[in-house]
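In: Just the structure for this:
(2 chains, ligands or ions: 2)
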Amino acid sequence: MDNRIKLEFLSLSQNEAFARACAAAFIAPLDPTIEELADVRTAVSEAVTNAVIHGYKHKPGTVSMELTLTGRLLRVKVEDSGCGIEDIELAMQPFYTSGTNGERSGMGFAVMRAFMDSLKVESEVGIGTAVTMEKLFSDKLRLEESKKRVKDES
Amino acid sequence: MKISFEITRETLTAHLNGELDQHSAGEVRKAVEAELKKRRTIKLLVLELSGVGFMDSSGIGLILGRYRQMRDAGGRLSITNAQPQVEKLLKLSGIFALLETQRRGRANG
Ligand SMILES: Nc1ncnc2c1ncn2[C@@H]1O[C@H](COP(=O)(O)OP(=O)(O)OP(=O)(O)O)[C@@H](O)[C@H]1O
Ligand SMILES: [Mg+2]
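Out: Ligands and ions are numbered 1, 2, ... in the order given. Here you go, the predicted structure:
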């Protein structure tokens, strides 16, 4: 089943919850496991939060999120037209944060990488940032069928 | 986010209920700080997470911030009752190692 949605929203922190709820609804037809669902919600939350607090530094701007489903492969693309990232490699290192108030862990990109199958970050200073992530969903039905077959055969 | 507090002797337990993200982390920080200010005798802050169905790295940041705050005041922090998915994130962040060191450091000293 193939599908695609694209939404735009203001860079408000309350829209973090909105974005992950949308992503959850979008993948519901795949009947994901509880863990897969939480993985996607968390990764989406990370990307959107970064756009709001780093990209736009809490100032008003537009964040866009595109969700594409190709079979059981989900692609999430979150984009902002904010300040951009100077050194992407540094930014993606676990525990690196430009936050200075001691309330950030610098784990956002590490979480996206761990919870999704792939992560790509494109950014240009003064232009903006695009984060693309992919995840392939397990096939519960096929899993159950093969389990049943093994049981029947024994 | 719903937050309720419970105090027993030198321990302040914060029961968190809801989704812990960047939006709600600020609320929790303010509420906990206000509570700690009222009761200067608190030595242990417990974040009780059974009601937290969602958390992202902003939650890790919140925990780290409270860890530093308690440590700097000569106190301790502990986290309990995390749901499996939150536990997965906590493990990834390595925060348990920090809280372990804290416990061991105290036992030794
Ligand atoms: N959309 C963005 N625009 C500009 N800078 C960004 C963006 N996303 C990330 N960054 C930069 O990359 C750094 C690392 O991001 P990451 O999400 O890993 O950690 P963090 O957001 O600082 O902390 P945490 O996610 O744990 O709260 C940020 O501190 C910021 O400097
Ligand atoms: Mg982040």
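In: low-confidence ranges in chain A?
Out: By pLDDT under 70, chain A contains no weakly predicted segment.
In: Could you pick out the residues of it near ligand 2 for me?
Out: Chain A has residues A:50, A:108 near ligand 2, with proximity defined as CB under 5 Å from the ion. Quick note: C-beta positions are derived from backbone N, CA and C, even for glycine.
In: Mind listing residues that contact the longest helix along chain A?
Out: Under DSSP state H, the helix in chain A containing the largest number of residues is helix A:34-50. With CB atoms under 8 Å, 6 or more residues apart in numbering or on different chains as the test, helix A:34-50 has contacts from A:13, A:15-16, A:19-20, A:23-24, A:27, A:32, A:63, A:65, A:74, A:76, A:78, A:108-109, A:111-112, A:115-116, A:129, A:131, A:133, A:135, A:137-138, B:21-22, B:54-58, B:84-85, B:88-89.
In: which parts of stretch A:87-96 are buried?
Out: A:91-92, A:94, A:96 (16 or more other CB atoms under 10 Å in any protein chain shown).
In: Check the contacts of helix A:34-50 one by one and keep those near ligand 1.
Out: A:108-109, A:129, B:57-58 (CB under 6 Å from any ligand atom).
In: Among the buried residues of stretch A:87-96, which one sits closest to chain B?
Out: residue A:94 (8.7 Å; CB to the nearest CB).
In: Assess the claim that the closest one and residue A:112 are in contact.
Out: No. Using CB atoms under 8 Å, residue A:94 is not in contact with residue A:112; the gap is 11.2 Å.
In: where does chain B dip in pLDDT?
Out: If you take pLDDT under 70 as the line, chain B has these spans: B:105-109.
In: measure the residue of chain A found nearest ligand 1 to residue A:153 for me?
Out: For chain A and ligand 1, the shortest gap (CB to the nearest ligand atom) falls at residue A:108, measuring 2.0 Å. Residue A:108 sits 46 Å away from residue A:153, going by CB to CB, to the nearest Å.
In: of these two, who's got more company?
Out: residue A:108 (30 against 6; other CB atoms under 10 Å in any protein chain shown).
In: returning to what we had before: and the longest helix of chain A, anywhere near ligand 1?
Out: Yes. Using CB under 6 Å from any ligand atom, we find that helix A:34-50 touches ligand 1 at A:46, A:50.
In: If you count neighbours, what's buried in that helix?
Out: Under 16+ other CB under 10 Å, the buried positions of helix A:34-50 are A:36-50.
In: What is the helix or strand where residue B:53 lies packed up against?
Out: Per DSSP states H and E: residue B:53 is located in strand B:44-55. In terms of contacts (3 or more CB pairs under 8 Å, 6 or more residues apart in numbering or on different chains; DSSP states H and E), strand B:44-55 is packed against helix A:34-50, strand B:11-20, helix B:57-72, strand B:76-80, helix B:84-93.
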